[in-house]
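**Q** structure for this input, please:
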Amino acid sequence: MSVMRTHDDTWDIATSVGTTAVMVAAARAIETDKPDPLIRDPYAKLLVSRAGTGVWETMLDESMVAKVESLDPETAAIFQHMRSYQAVRTHFFDEYFAAAVAAGIRQVVILASGLDSRAYRLQWPPGTVVYEIDQPKVLAYKSSTLAEHGVTPSADRREVPIDLRQDWPAALRGAGFDPAAPTAWLAEGLLMYLPAEAQDRLFAQITELSPAGSRIAVETAASHADERRQEMRERFQKVADQLGLEQTVDVQDLIYHDENRAVVADWLADHGWKVTAQNSGDEMRRLGRWVEGVPMADDKDAFAQFVTAERA
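**A** Numbers count the residues shown, from 1 in each chain. Sure thing, here's the model as predicted:
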């Protein structure tokens, strides 16, 4: 189950970092099926059901939460929190894009897009170009699966099949990106899978490609102590064993826990961006999606920040 990350590792949708996109899409599918959903992603269930990752597909089974609850209430609360958090996160960044296009931006870049279906499900103004950057096999899986079911993009969607640790700016320009046009960038569910120095390089490259009026939205990496991570790893494994679930990937093995990672809001503010930050826990409470019983509820550092900024 353990996966050793390397500087040149690759993946498809069923392995390594690729599987985390399936987890997030599963949470979006569950939210979409609620009576009063925060977001609607009509393509999430299709993308998850054909991914073949096993464990994440179980998130679509409502009876699973009840089973976990009977075994370990705290783990069940974390499970519910994961679902609610993804809905709130998706809602926040959907609203970010709505505001960006309302302000006249027509160039969008989604970094490490995974199974993000915004190029298909959001209503984009005419002339909007959405660039999706990710591993080649991940992009191919999404586009082919949706095309096979007659789903077409609602914007001019352009794939940029490249790893963000490589020369993605050149590949992006090669796909038609205009560095002189204001751009709305999104880095969602990404930073924790990059080493600290790669994070700094990514934001430097984005800044170089962002003229005045450009915007960026970022989900920061939450901070957890090593002991807490190990405790939760053991609890999840125990519950998985009791339910007969095979954990083919341990997300903690995919994440870089760099202590010297730059604070995103501070980095952007120091490099010409006007920054706003929202604690994700506060946003969950505001939208009525907070889950009681989640450990470390009073530790704001244990919850990601949603950072938005505009290039001055």
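
**Q** could you use CA atoms for every contact and neighbour count after this?
**A** Will do.

**Q** tell me the mean pLDDT over the helix or strand harbouring residue 159?
**A** Counting by DSSP states H and E, the element that carries residue 159 is strand 156-161. Throughout strand 156-161, pLDDT has a mean value of 98.

**Q** so where's the stretch 51-200 of the chain shaky on pLDDT?
**A** 51-62, 69, 73 (pLDDT under 70).

**Q** thinking again about what came up before, partner strands of the strand holding residue 159, parallel or antiparallel?
**A** In the sheet, strand 156-161 lines up against strand 129-134 (parallel) (DSSP bridges).

**Q** and the next helix or strand past the partner strand?
**A** Remark: after strand 129-134, the chain's next helix or strand is helix 136-148, criterion DSSP H and E.

**Q** how far off centre is the strand holding residue 159?
**A** Remark: strand 156-161 is offset 18 Å from the chain centroid, using C-alpha atoms, centre = their mean, to the nearest Å.

**Q** now do it and helix 136-148, the angle between them.
**A** Counting by axes from the mean of the first three to the mean of the last three C-alpha atoms, to 10 degrees, strand 156-161 lies at 150 degrees to helix 136-148.

**Q** from what I see, residue 40 and residue 30 are in contact.
**A** No. Counting by C-alpha atoms under 8 Å, residue 40 does not reach residue 30; the two are 9.7 Å apart.

**Q** next, the buried residues of stretch 113-131.
**A** Using 16 or more other C-alpha atoms under 10 Å as the test for burial, stretch 113-131 gives 113-122, 124, 128-131.

**Q** sorry, slip of the keys, the one I care about is stretch 269-277.
**A** Within stretch 269-277, the residues scored as buried using 16+ other C-alpha under 10 Å are 273, 275, 277.

**Q** save those as TSV, and put in distance to residue 156 too.
**A** Output for the buried residues of stretch 269-277, formatted as TSV (distance: C-alpha to C-alpha, whole Å):
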residue	distance to residue 156
273	27
275	29
277	30
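
**Q** restricted to strands, list the residues you listed.
**A** Members of the buried residues of stretch 269-277 lying in strands (criterion: DSSP state E): 273, 275, 277.

**Q** hey, what's the last one bridged with?
**A** Residue 277 has these beta-bridge partners by DSSP bridges: residue 307.

**Q** what sits against it?
**A** Residue 277 makes contacts with 265, 305-308, as judged by C-alpha atoms under 8 Å, 6 or more residues apart in numbering.

**Q** output the ones in strands among the buried residues of stretch 269-277 as TSV; include the columns pLDDT and distance to residue 72.
**A** As requested, these are exported to TSV (pLDDT from 0 to 100; distance: C-alpha to C-alpha, whole Å):
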residue	pLDDT	distance to residue 72
273	98	44
275	98	40
277	97	33
